[in-house]
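Engineer: okay, predicted coordinates and the sequence, questions at the end:
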Amino acid sequence: MLHSVKDLPAVALARELFRRWWGLELAFADSKGYVLDHAEGKVVPSENELCRAALFSKEGFRRCNESVKAVADHLRAGAGAGRGARALAVASASASAERTYLHTCHLGLDVLAAPLRVGGELVGLLFVGGALGTEPSSSARTELAATMRELAELDADSVTSALASAPRMTEADRERARDLLAMAADEVEAHWRIRGLGDKASAEAKPHPFTEIVGDAPAIRELLRLLGKVVASDSTVLIHGESGTGKELIARAIHYHGSRAKKNFVVQNCSAFNDNLLESALFGHVRGAFTGAVRDQKGLFEVADGGTFFLDEIGDMSAALQVKLLRVLQEGTLTPVGGTKPIKVDVRIVAASHKDLYAMVQRREFREDLYYRVNVVKLTVPPLRERVADIPRLVDHFMAKHSRGLAIAPRITDGALDALVRYPWPGNIRELENELERAIVLGGDTGVIDTDVLSTRVMASAGAASHPTAGAGATIAALEGRGGTLRQVMESVEQEVILAGLVRTHWNKSQLAKELGVSRSYLIQKCTYYGLERKEPGA
């Protein structure tokens with residue numbers, strides 16, 4: 001799990017900055033404090049001769065690991081970062097508050113760590129160690145000399161020399177180091193959250209027969225629970241939900257998992273026709289009922305006899321048609337347009353609307369008696385923005401659906417998935433499916449869905465996703481000596497890099513995006529954010 005996040009952009013940047021600014025190495029450890037590099041057979045000490053000497057001795061190596069284990073024990077015990085005598089809270093940014101924990105190792109050096117949690121449980125930690133926070137007292141120097149003589153046979157002069165060259169951290173340095181750790185830890189947790197959204201819920205959810213319904217968010221699990229009861233009855237059902245949430249899918253599940261599954265399932269959108277056409281479509285007509293009625297025509301209620309009739313957007317039905325529908329529900333009979341003889345039908349009605357029918361009743365826009373007839377059981381389908389945990393699973397589902405027959409099965413990048421998760425989806429699942437089908441087509445033969453093939457509305461709303469820049473290593477030196485918070489410093493350098501690139505490429509954003517290793521849409525967003533859009537002459 002930890003191996004998959006070692007090279008995330010924020011982690012890579014933090015690692016480089018720790019090396020450049022303080023000569024420290026950023027490392028991962030698991031929840032028990034076992035250092036990941038050690039599991040791979042690597043020992044990577046900081047630029048501190050004391051650390052180097054200790055790590056390359058058997059007893060020193062053990063004690064160094066015990067120090068990391070002590071940090072993990074503290075965090076795992078529930079104390080959390082930000083609690084305890086030496087816990088350091090980031091006061092300047094609430095998002096980073098209580099994010100880091102400071103520990104003193106067996107050599108009296110700082111170990112600064114940020115916990116990595118999933119579902120509130122510690123799964124690992126990011127840490128750096130080997131810097132001096134305060135100058136050691138004479139007694140501490142004497143004790144350190146004795147320890148180093150025991151561990152690595154260093155004499156007093158060597159210890160004094162090592163102390164003189166050891167990395168130092170002022171309070172300002174610590175603040176910046178905490179920001180770096182918090183930034184990297186936040187990206188790691190965001191990566192896991194995006195890639196693993198809904199996994200815990202999926203593991204806990206009981207199997208259900210409605211395999212056509214994708215999702216395990218709490219609202220969906222409640223819907224499935226009610227659905228299991230609804231299919232066993234023959235009652236009228238009202239499905240409420242925004243456009244694009246999948247109301248027809250729920251109606252189909254009610255029919256095909258119920259006792260009427262072998263009979264017809266008929267669908268009619270009540271807003272699709274005017275009154276005359278809708279009346280004829282629903283109830284049929286007899287020959288001569290109106291101009292063009294050259295023969296008797298069955299209505300959809302007769303077609304659905306014995307089965308299920310899904311009336312979508314029932315809130316758009318006129319008052320006159322509401323009366324005729326009420327008769328079908330009350331008496332089980334209908335009269336075709338132009339006819340005089342009632343026809344008996346046995347139909348289960350499943351109605352749906354994105355409107356608040358009860359509010360329409362209060363405004364006298366919908367019949368109260370009809371409302372209570374159709375609202376025997378009400379199912380509410382949540383909008384996609386309220387079931388964000390299901391987006392990764394829905395993405396996989398629609399990618400599989402729309403990639404059948406393709407030579408290369410498409411895959412989606414973390415940046416693109418992050419953008420999809422952040423977008424509010426006003427069009428709900430229908431909009432998500434459309435977005436993915438479009439992205440698969442635009443992705444072409446590469447088989448990769450990245451942010452550059454997502455629509456501008458998704459990228460603009462989702463905000464800039466994290467992207468590694470090709471020239472990041474070259475710009476590190478520009479960060480040194482600048483004031484302000486870490487975010488302000490990074491944005492300042494980013495703005496300068498983009499502006500210089502725009503001038504160099506004569507504002508050719510496609511070329512610059514390739515040079516920087518980002519998508520063109522991402523670069524355009526950054527240009528807008530920093531006000532770097534080129535103004536035409538005279539503007």
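Structural biologist: Yep, it's here.

Engineer: if I've got this straight, residue 361 is in a helix?
Structural biologist: Yes. Counting by DSSP: H, G, I helix; E, B strand; the rest coil, residue 361 falls inside a helix.

Engineer: distance of it relative to residue 163?
Structural biologist: Note on residue 361: its distance to residue 163, by C-beta to C-beta, to the nearest Å, is 81 Å. From N, CA and C alone the C-beta is placed, and that goes for glycine too.

Engineer: which one of those two has more residues nearby?
Structural biologist: It is residue 163, of residue 361 and residue 163, that has more neighbours when counted by other C-beta atoms under 10 Å, with 20 against 17.

Engineer: does that one touch residue 51 like I think?
Structural biologist: No. Contact criterion C-beta atoms under 8 Å: residue 163 and residue 51 do not qualify, at 11.8 Å.

Engineer: which ones are touching residue 75?
Structural biologist: Listed by C-beta atoms under 8 Å, 6 or more residues apart in numbering, the contact set of residue 75 reads 81, 101, 113, 115, 122, 125.

Engineer: quick check: which of those has the minimum pLDDT.
Structural biologist: Lowest pLDDT among these: residue 81, with 52.

Engineer: just the strands in the stretch 1-150 of the chain please.
Structural biologist: Ranges of strands in the stretch 1-150 of the chain, per DSSP state E, counting those that start in this stretch, are 27-30, 87-88, 100-104, 110-118, 121-131.

Engineer: the ones you listed: lowest mean pLDDT?
Structural biologist: By mean pLDDT, the lowest-scoring of the strands of the stretch 1-150 of the chain turns out to be strand 87-88, with a mean of 38.

Engineer: just to revisit the earlier point, top of the contacts of residue 75 by neighbour count?
Structural biologist: For these, the largest neighbour count, defined by other C-beta under 10 Å, is 29 neighbours, found at residue 81.

Engineer: show me the domain layout of this structure.
Structural biologist: Using automatic domain parsing, the domain parsing of the chain gives 3-196, 231-382, 472-530.

Engineer: Serialize these to CSV and add fields for distance to residue 391.
Structural biologist: Output for those, formatted as CSV (distance: least, C-beta to C-beta, whole Å):
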stretch, distance to residue 391
domain 3-196, 9
domain 231-382, 13
domain 472-530, 20
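
Engineer: where does the stretch 201-350 of the chain dip in pLDDT?
Structural biologist: The model of the stretch 201-350 of the chain has pLDDT under 70 over residues 201-208.

Engineer: which stretches of it form helices?
Structural biologist: Counting by DSSP state H, counting those that start in this stretch, one finds helices in the stretch 201-350 of the chain at the ranges 218-230, 247-256, 275-283, 300-303, 319-331.

Engineer: pLDDT wise, what is the spatially most central residue of the chain at?
Structural biologist: With distances taken as C-alpha atoms, centre = their mean, residue 421 lies nearest the centre of the chain, 3.7 Å away. If you check residue 421, the pLDDT there is 84.

Engineer: hmm, back to that, so which of the strands of the stretch 1-150 of the chain is nearest residue 305?
Structural biologist: Residue 305 lies closest to strand 110-118 among those, at 53.2 Å (C-beta to C-beta).

Engineer: so how far is that closest one from its chain's centroid?
Structural biologist: 23 Å (C-alpha atoms, centre = their mean, to the nearest Å).

Engineer: so what's residue 430 up against?
Structural biologist: The contact partners of residue 430, by C-beta under 8 Å, 6+ apart, come to 243-244.

Engineer: and if we set it to 7 Å?
Structural biologist: Taking C-beta atoms under 7 Å, 6 or more residues apart in numbering as the criterion, residue 430 is in contact with residue 244.

Engineer: tell me the spacing between it and residue 339.
Structural biologist: Relative to residue 339, residue 430 is positioned 38 Å away (C-beta to C-beta).
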